[in-house]
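> let's see this in three dimensions:
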Amino acid sequence: MTGRLLVLRALGLGDLLAGVPALRALRRAFPGHELVLAAPAELAPVARATGAVDRLLPAGAPGRAVPRSLDWTGPPPDVAVDLHGNGPPSHRLLQALRPRRLLAFAHPGTPEIEGPPWYAEEHERARWCRLLEAYGIPADPTDLRLPRPAGPSPAPGAVVLHPGAGAPSRCWPLDRYAVVAEALRERGLRVVVTGGPGEDDLVAGLAKRAALPDTDLFGGGLPFPRLSALVAGARAVVSGDTGVAHLAVAHATASVTLFGPTPPSRWGPPDDARHQVLWHPGPDGDPHGTEPDPALLRIRPEHVLTALDRLP
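Predicted coordinates for the structure are as follows:
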């Protein structure tokens, strides 16, 4: 290795997957550097699966905030890249390490950084590719596929329902998921339910409403290799705007994603018949709100079933 490149993206699963095109662009641009990703420790298997990251530096903060510090050792990074946000806290966190070069968006709070402007309405994948291109690094926002997992799926051919999300405002009601589950089982399809850490009550609640067997419940936050295998081998994935939806896209698995407070133009899948999006246009809501977003509540079970029928 001729140097070290530090990338800050201390966020969640969906955020990391949306940043894969930018990470791969950096890998191509700096083939001789060790690429270190500052991200939550539990995302280490995801980082490895991208094929772009050499090492994960554990970093994170509650509520998607900027970490207070980074446990960086040795000489300053040759290059530091802010894929976390538009600053200035994330800029200053990286500046404190005194990198030889810092790639970041411009912000009035850090006028010394002459990066490109930040556009709030831009799609997340395109945003970070545009940042790199402003610094002369070609990036392809469609370069987002992950390799097929090595292990077998615990439920091959099943329809995966994932009722959880990062906030209640992005969680579709359980009774509506139950209607979808019952309709799919009447068609002779296997339905399984997944949930992240702390979402066992959601998984159990949906299972009770839809009378699903315990063998079809995957709560407690599956280890990433098993979750990845489950999604890659699924018939389809139905979820809100959360990490599992991005994982379905990464594995080219058919999906139906339900959007509420945030429009799909910012976080949605690529334009592909395999990925159906349900959204009722309206004013932006709070993606971190404590109640289901009104736009999300306008989606009915029959809308989801119709979207599933449209999948190739």
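> gap between residue 87 and residue 66?
Distance of residue 87 to residue 66, computed by C-beta to C-beta, to the nearest Å: 9 Å. Placement of C-beta: from N, CA and C, glycine included.
> again with residue 129
Taken as C-beta to C-beta, the span from residue 129 to residue 66 is 22 Å.
> likewise for residue 150?
Counting by C-beta to C-beta, the gap from residue 150 to residue 66 is 35 Å.
> tell me the secondary structure for residue 57?
Three-state assignment for residue 57 (DSSP: H, G, I helix; E, B strand; the rest coil): strand.
> residue 179: what's it in contact with?
Residue 179 sits next to residue 301 when contact means C-beta atoms under 8 Å, 6 or more residues apart in numbering.
> cutoff 10 Å now
The neighbours of residue 179, taking C-beta atoms under 10 Å, 6 or more residues apart in numbering as the test, are 173, 209-210, 300-302, 304-305.
> follow-up on the earlier one: tell me, what's touching residue 87 and residue 66 both at once?
With C-beta under 10 Å, 6+ apart, residue 87 and residue 66 have common neighbours 93-94.
> care to break the protein down by domain?
Following automatic domain parsing, the chain resolves into domains at 3-134, 159-310.
> for residue 1, give me the pLDDT.
In this prediction, residue 1 carries a pLDDT score of 65.
> other SSEs contacting the one helix or strand residue 227 maps to?
Residue 227 belongs to helix 224-232 when elements are defined using DSSP states H and E. Other helices and strands packing on helix 224-232, by 3 or more C-beta pairs under 10 Å, 6 or more residues apart in numbering; DSSP states H and E, are helix 44-50, strand 159-162, strand 191-194, strand 217-218, strand 236-240, helix 243-250.
> okay if I get the ones you listed as JSON lines plus mean pLDDT?
Below are the helices and strands packed on helix 224-232 laid out as JSON lines (pLDDT from 0 to 100):
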{"stretch": "helix 44-50", "mean pLDDT": "97"}
{"stretch": "strand 159-162", "mean pLDDT": "98"}
{"stretch": "strand 191-194", "mean pLDDT": "97"}
{"stretch": "strand 217-218", "mean pLDDT": "92"}
{"stretch": "strand 236-240", "mean pLDDT": "97"}
{"stretch": "helix 243-250", "mean pLDDT": "97"}
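> contact partners for residue 3?
Counting by C-beta under 10 Å, 6+ apart, residue 3 has contacts 30, 32-34, 75, 77-79, 100.
> shaky segments in the protein?
Within the chain, the stretches with pLDDT under 70 are 1.
> let me see the ranges of the helices in it.
Ranges of helices within the chain are 13-18, 20-29, 44-50, 89-95, 124-134, 174-186, 200-210, 224-232, 243-250, 264-267, 294-297, 301-310, based on DSSP state H.
> what's the closest of the ones you listed to residue 162?
helix 243-250 (4.4 Å; C-beta to C-beta).
> where's residue 216 relative to residue 231, distance?
For residue 216, the distance to residue 231 - C-beta to C-beta - is 15 Å.
> on that earlier part again, the more surrounded of residue 87 and residue 66?
Neighbour count, other C-beta atoms under 10 Å: between residue 87 and residue 66, residue 87 has more, with 23 against 20.
> isn't that one right up against residue 103?
No. The criterion here is C-beta atoms under 10 Å, and residue 87 misses it with residue 103 at 11.9 Å.
> joint contacts of those two?
94, 113, 115.
> who's in contact with the residue nearest to the first one when sequence neighbours are not counted?
If you skip the residues right next to it in sequence, residue 94 has residue 80 as its closest partner in space, 4.3 Å away by C-beta to C-beta, 6 or more residues apart in numbering. Neighbouring residues of residue 80 by C-beta under 10 Å, 6+ apart: 4-8, 36, 38, 70, 72, 91, 93-95, 97-104.
> only the buried subset of these, as a ChimeraX command please.
Command for ChimeraX, covering only those of these found buried under the criterion 16 or more other C-beta atoms under 10 Å:
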select :4,5,6,7,8,36,38,70,72,91,93,94,95,97,99,102,103,104
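> ok, now which ones touch residue 13?
Per C-beta under 10 Å, 6+ apart, neighbours of residue 13: 39-40, 42-43, 46, 166, 196, 224, 227, 242-247.
> hmm, try it at 8 Å
43, 46, 243-244, 246-247.
> likewise residue 30?
Contacts of residue 30 by C-beta under 8 Å, 6+ apart are 3, 5, 79.
> appreciated, that's everything.
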